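In: With the sequence up front, the predicted model follows.
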Amino acid sequence: MNEDKNTLDYDLIFDEIKKVRRSKHISQNKIAKALNIYPTTYCKIESGNIHVSLEKIDKVCTYLGIDIANLFARASKTSKTYLEKTFSDYLVFLSYRKRKFILRVLKLLIVL
C-alpha cells in the first residue's frame, strides 16, 4: 500500500487485532476456520502481507469483539491520539540532549 495515500495505519490495526486475539487465547486457526479461509491466509492478513477488504477486517473485529469504529479512529494518521503516539515513539529514540532541545523549541512555539 502506498503510505502517502493512506490515512490509516494498517500496521497499528493488525497489531491491535493480534494483541486482542492473543489476549483471548484464540488461535489463528480458529479464526481462519470461523471466517472460512485458510490459516495461512489469516496469518498473512494479521501480518499485513496481503490486501484485505474492509468487510474481512470487520468480520475479524466482530469475531474478536473489537469495536471497528474505535479501532479505525485510533489508527487514523490524522487523529490527535495517533499523532501524539507517533511523536512519543519518535522521542524515545532521541538522546536526552535532543529531546530537551525539542521541548525548548515546542515551548517557544506555544508562546508564539
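Out: Thanks, I have it. Residues are numbered from 1 along each chain as shown.
In: now for the helix or strand where residue 58 lies, which elements pack on it?
Out: Assigned by DSSP states H and E, residue 58 falls within helix 54-64. The contact analysis (3 or more C-beta pairs under 8 Å, 6 or more residues apart in numbering; DSSP states H and E) places helix 54-64 against helix 10-23, helix 28-35, helix 68-75. (Each C-beta comes from the backbone N, C-alpha and C, glycine too.)
In: now these in CSV, with distance to residue 100?
Out: Listed next are these as CSV, based on distance: least, C-beta to C-beta, whole Å:
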stretch, distance to residue 100
helix 10-23, 28
helix 28-35, 44
helix 68-75, 29
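In: coming back round to it: so the helix holding residue 58 versus helix 10-23, what angle?
Out: Relative orientation of helix 54-64 and helix 10-23, computed by axes from the mean of the first three to the mean of the last three C-alpha atoms, to 10 degrees: 30 degrees.
In: next one: helix 54-64 to chain centre, how far?
Out: 15 Å (C-alpha atoms, centre = their mean, to the nearest Å).
In: same thing with stretch 58-65?
Out: 15 Å.
In: who's in contact with it?
Out: 17, 20-21, 24, 26, 31, 34-35, 45, 66-68, 71 (C-beta atoms under 8 Å, 6 or more residues apart in numbering).
In: wait, isn't residue 76 in contact with residue 12?
Out: No - taking contacts as C-beta atoms under 8 Å, residue 76 lies outside contact range of residue 12: 9.5 Å.
In: pLDDT averaged over the helix or strand hosting residue 108 - what is it?
Out: Using DSSP H and E, residue 108 sits within helix 96-111. Mean per-residue pLDDT for helix 96-111: 80.
In: same deal with stretch 25-35?
Out: 95.
In: Keeping just the C-alphas, turn it into CSV.
Out: What follows is stretch 25-35, C-alpha atoms only, in CSV (Å, rounded to 0.1, in the frame of the first residue of the first chain):
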residue,chain,number,x,y,z
HIS,A,25,-6.2,-17.1,23.7
ILE,A,26,-7.7,-17.6,20.3
SER,A,27,-5.6,-19.3,17.7
GLN,A,28,-5.2,-18.1,14.1
ASN,A,29,-6.5,-21.5,13.0
LYS,A,30,-9.7,-21.0,15.0
ILE,A,31,-10.4,-17.5,13.4
ALA,A,32,-9.5,-18.8,10.0
LYS,A,33,-12.0,-21.6,10.4
ALA,A,34,-14.7,-19.2,11.6
LEU,A,35,-14.0,-16.9,8.6
